[in-house]
Each structure stands twice: as C-alpha cells, then as structure tokens.
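Undergrad: Output the structure for:
(one chain, ligands or ions: 1)
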Amino acid sequence: MQAATQPTIKLFVFPRMFEIPNLSPFCCKMETWLRMAQVPYQVVETRDPRVAPRKKLPFIEDGGVRIADSSLIIDHLSRTRAVDLDAGLSPLQRATATLVKRTLEEHYAFVLAYTHLLSDEGSKYTRARFDAVPAFIRPLVERAVRKNVKSLLWYQGLLRGSHDEILAKALDDWRAVLAFMSEGPFFFGDQATSTDAVVFGTLAPTVLTPIDTPIRAFLLSQPKVLAYAERLRARFFPELAPERQAAERPQQLQASA
Ligand SMILES: N[C@@H](CCC(=O)N[C@@H](CS)C(=O)NCC(=O)O)C(=O)O
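TA: Residues are numbered from 1 along each chain as shown. A predicted model of the protein is given here:
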C-alpha cells in the first residue's frame, strides 16, 4: 500500500487502442503491473517517445523525477512503495521469470513490431494511431515512423530473415513460454506476479486485438491461452472487458483470490 505522503505517479504511455491497456507491450506491461501492485497512477498519453528520458515509452514521473524502462520503473516502485509481487517465488521460478521476460521482451516484442506496425495486415488496423495527426502532414509522419520501425528491425536483425522465419521463431518463443505456464489463474499459479504483467503485455496485443496473424492463430489453438488473457483483462482492466467476460467476472475473481 502506498504511504499517504507519496505522490501519485504519472505514467506516460501511447494512447490506448483496441480493448487492451496498450498496443505497446511495454506500456501494457507497466500499466498492468501498477494495477496488480495497487500503486495509484495517472495516465498521460503521448504519441512522441522523444519526450521520454530514453526516447522510449513507457516512463513515469514520480515526485518530479522521470524514470524510464518498464523493468527499472518496477524496481523503483517496488523499493519506494514496498511492494514485491514476486516475494513468493522459488529460486527456480525466479530464473524462469527471467527467461520468460528475455524471450518475450528481447525477441518476441520485435516480432510484434513487425506483425502489428510493419506488415500490411497489422498496418491496416494500427494506422488509426495517426488519425490525430493533422491530415496534411499525416502521410509524412506515417512514412517516417514506418521507416524508423523498419530500420530498428533491420539493425536488430529480425528483418534479415524471411517472413516465414520470423513467424517460426515467434512460435518457438511462445511454445517455450507456454511450457512453463501453469493452469492458472496466473502464470505461476495462485498469485499474480510481475511475470503476468510481462506475459499479458505481449499476449494482449497478440490475441485480444483483431490483427490476424499465424501467431495469433497458434495461440488461440492453445486451450489455456485465451482464457488466461481474458481473465487478466477482466481482473485488472474490467472497463475493457466485453460483456460476456463481465458476466463471468465474479467467478474469476473468486478463482484468483
Ligand atoms: N526496455 C524498454 C523498452 C521500451 C520500448 O521499446 N518502447 C517502444 C514501444 S513498444 C518505444 O517507445 N519505441 C519508440 C521508438 O523506438 O522510437 C522498457 O522496458 O520500457
């Protein structure tokens, strides 16, 4: 719980799209963690990562101090708000948490940028994020952002592989992660941990948006995956959960209590 003297933090993230906390896996992870940890926050939407200390979103402002990088923010808030979502994890689970985080954040997140921001199927849906840009410069901004994503993925290495290679590697990522996922309600069982924020951060943009990819199709074919994603959304972002899940919510809350 937050001490009365501590300021409400400001969370700087991209504007929301679709019925998920954020299309950016790192912004989605950060806001999910804040809700899990019950740390009060105020969202500040921005479209321009150049305002961030590390030129990437999310970042927070805590008592006038700006802190970047979702993992560093979580370390900072865990320390200053005395919350540790991972207190109950065994050494083996902690090691697993690191491997899951690296797989999803240092590899799969780049695939998400490819499928959601660069590919034709993804762009069809996500180009709406430029709607607020004045019409006369919109094509210019769209082209510049696309060029940046392309160059990021080229230098990271992903784009040097074929489309099929990229998809195959993403499926390998998820097969590995799912091998460690419990039957629920949360990744490691009964308690929500920071790994749930990481997993939901990448899973929500993949399976809870209309962007149709072979990765989404694979994940939807795995019985526990959609239930997990919908359960986390209903539990921590009830305002985003469609009616059907809202009706199931009391049961799910009981299951995760
Ligand atoms: N390691 C960072 C990664 C953040 C990140 O890559 N954010 C992306 C959005 S998903 C971003 O702001 N990209 C803008 C850019 O690279 O210009 C974290 O955990 O917060």
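Undergrad: hey, let's count contacts and neighbours off CA atoms from now on
TA: OK.
Undergrad: For the residue lying closest to residue 54 once chain neighbours are set aside, list each beta-bridge partner.
TA: Spatial nearest neighbour of residue 54, excluding adjacent residues (C-alpha to C-alpha, 6 or more residues apart in numbering): residue 68 at 6.2 Å. In this entry, residue 68 is beta-bridged to residue 59, by DSSP bridges.
Undergrad: got the contact list for residue 68?
TA: Shown in contact with residue 68 (C-alpha atoms under 8 Å, 6 or more residues apart in numbering): 52, 53, 54, 56, 57, 58, 59, 60.
Undergrad: show me where the chain has strands.
TA: Using DSSP state E, the strands assigned to the chain run over residues 9-13, 41-45, 59-62, 65-68.
Undergrad: could I get these as a markdown table with distance to residue 35 and mean pLDDT?
TA: Converted to a markdown table, these look like this (distance: least, C-alpha to C-alpha, whole Å; pLDDT from 0 to 100):
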| stretch | distance to residue 35 | mean pLDDT |
| --- | --- | --- |
| strand 9-13 | 12 | 98 |
| strand 41-45 | 9 | 97 |
| strand 59-62 | 15 | 97 |
| strand 65-68 | 18 | 97 |
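Undergrad: Now tabulate those strands in JSON lines and tack on distance to residue 95.
TA: Shown next, in JSON lines, are those (distance: least, C-alpha to C-alpha, whole Å):
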{"stretch": "strand 9-13", "distance to residue 95": "28"}
{"stretch": "strand 41-45", "distance to residue 95": "29"}
{"stretch": "strand 59-62", "distance to residue 95": "26"}
{"stretch": "strand 65-68", "distance to residue 95": "24"}
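Undergrad: so which of those comes closest to residue 234?
TA: When the strands of the chain are compared by C-alpha to C-alpha, strand 41-45 sits nearest residue 234, at 19.2 Å.
Undergrad: Pipe the contacts of residue 68 into CSV and attach neighbour count and distance to the ligand per row.
TA: CSV is the format used below for the contacts of residue 68 (neighbours: other C-alpha atoms under 10 Å; distance: C-alpha to the nearest ligand atom, whole Å):
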residue, neighbour count, distance to the ligand
52, 19, 8
53, 15, 11
54, 13, 9
56, 17, 3
57, 26, 4
58, 28, 5
59, 27, 7
60, 26, 10
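Undergrad: Can you get me a residue count around residue 33?
TA: Neighbour count for residue 33, taken as other C-alpha atoms under 10 Å: 25.
Undergrad: Neighbours of the residue lying closest to it once chain neighbours are set aside, how many?
TA: In this structure, residue 33 finds its nearest non-sequential neighbour in residue 197, 5.4 Å apart by C-alpha to C-alpha, 6+ apart. Neighbour count of residue 197, defined by other C-alpha under 10 Å: 25.
Undergrad: what do you get for residue 37?
TA: Neighbours of residue 37 (other C-alpha under 10 Å): 22.
Undergrad: could you measure it against the ligand, distance?
TA: 17 Å (C-alpha to the nearest ligand atom, to the nearest Å).
Undergrad: hmm, back to that, so for residue 211, which of the strands of the chain sits nearest?
TA: Here strand 9-13 is closest among the strands of the chain (C-alpha to C-alpha), at 20.8 Å.
Undergrad: Are the closest one and the ligand in contact anywhere?
TA: No - counting by C-alpha under 6 Å from any ligand atom, no contacts exist between strand 9-13 and the ligand, the nearest distance being 8.4 Å.
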